[in-house]
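> Need a 3D model of the following:
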Amino acid sequence: MKVLAPAKINLFLEVGEKKEKFHPIVSLITPISFSDIVEIEKSKKTEIIFHSKWEIPVDNTVKKTLDLLETKFKTDIPVKIDIWKRIPPGSGLGGGSSNAAVVLENVIQMFNLDISEKEMLKIALNVGSDVPIFIYKNLSIVSGYGEIVKPVKNYIPTYYFLLLVPPIRISTKDVYKQLDKKREFGNLTNGLKKIKILVGLLREREFEKAESIMYNRLEKPCFEIWEEGKEVMKEIEKMSGRKFFLSGSGGSLFSIFREKREAETIKLGDVAVGWDFFIIECFNNSKIKEEINGNNRNQNFARYKSE
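Numbers count the residues shown, from 1 in each chain. Reported below is the predicted structural model:
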């Protein structure tokens, strides 16, 4: 069984003060057409193989997912999992969380495990706060500690992103540590109101107005510990005349476009040397199913040439 594990972009992210171990959030998140490929097969023993140019820790999200399932059902779940990594770790695109969600859903289906949606989401949250969003694979409003996911109904995404991915990993832990140090937390109630306005603007494709609302509370602490990212974003905004945003805790940057051809006209010269550039499309669950059912192993994105 081969499936796609799409990345995500945070179109809006507000973060509140930490309560116990976690920070409450409100966020608007969309899956995008930039995916890892995951192959899952029943086996005599469990194997997890990453085909990746990046080093993946032994104690990864996929292993944690299988461990939690085996603990819950008190049985071995022998599977061979191959993951072809396209989404860089530590890029703010949720690749590890997406891998975990795909494995969780498909292993449950493959072994016909008796589990409710609520229980499945609980396991997802125990793996990581971003994992539940990838269960739905749709533009969604996320709140709580990531466990409350409300897909936006009757929403068909029709826009594109120019995505810039840096050659380094950004530590989510370090970004939140910087946020806690400065104690610059947001108002989640106001954040949710802005998200609802933002959804309406995206429906109407009012992107200039949408950009005035799009926001990421983690952008400032991320750039405080990663000066290069701040300078790169400043330069590309100056050269392109476009507004760029940080996704998640960093360090991927993106800009939104009505049409693919608009993104293709952007020239960045030699800014962000060593970074990867992609033109990508919004994804929703129906598009993902079309890709899977068509056995399309080609990534639905175009590598961007800056010159």
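> Okay, now the unreliable bits of this protein?
Residue ranges of the chain with pLDDT under 70: 157, 284-307.
> ok, longest strand in it?
strand 25-42 (DSSP state E).
> how would you label residue 5: helix, strand or coil?
Here residue 5 is recorded as strand under DSSP: H, G, I helix; E, B strand; the rest coil.
> what bridges to it?
Residue 5 forms beta bridges with residue 36, as assigned by DSSP bridges.
> and the gap between it and residue 36?
In this view, residue 5 and residue 36 are 4 Å apart by Cβ to Cβ, to the nearest Å. To be clear about C-beta, it is placed using only N, CA and C from the backbone, and glycine gets the same treatment.
> how about the residue of the chain most remote from its centre, secondary structure?
The outermost residue of the chain relative to its centre, with distances by Cα atoms, centre = their mean, is residue 44 at 32.3 Å. What three-state DSSP gives for residue 44 is coil.
> list the contacts for it?
Contact analysis of residue 44 by Cβ atoms under 8 Å, 6 or more residues apart in numbering lists residue 78.
> any idea how far it lies from residue 75?
Distance of residue 44 to residue 75, given as Cβ to Cβ: 15 Å.
> and if you look at residue 19?
According to Cβ to Cβ, residue 19 stands 35 Å off from residue 75.
> and if you look at residue 94?
Noted for residue 94: a distance of 29 Å to residue 75, by Cβ to Cβ.
> who's more crowded, these two?
Using other Cβ atoms under 10 Å, the more surrounded residue of residue 94 and residue 75 is residue 94, with 27 against 11.
> tell me which element the nearest residue to that one once chain neighbours are set aside is part of?
Once flanking residues are discounted, residue 94 sits nearest to residue 8: 4.4 Å by Cβ to Cβ, 6 or more residues apart in numbering. Assessed by DSSP states H and E, residue 8 sits inside strand 2-15.
> how many degrees apart are that strand and strand 25-42 in direction?
Calculated by axes from the mean of the first three to the mean of the last three Cα atoms, to 10 degrees, strand 2-15 forms an angle of 160 degrees with strand 25-42.
> Show me the strands in the stretch 151-300 of the chain, by range?
Secondary structure of the stretch 151-300 of the chain (DSSP state E, counting those that start in this stretch): strands at 160-165, 215-216, 245-246, 253-257, 276-281.
> Can you tell me what sits against the second one?
Defining contact as Cβ under 8 Å, 6+ apart, one finds that strand 215-216 is touched by 10, 12-14, 194, 245-248.
> For the spatially closest residue to residue 87 that is not a sequence neighbour, give me its contacts.
Nearest non-adjacent residue to residue 87, counting by Cβ to Cβ, 6+ apart: residue 95, 3.1 Å away. Residues in contact with residue 95 (Cβ under 8 Å, 6+ apart) are 5, 7, 36, 85-89.
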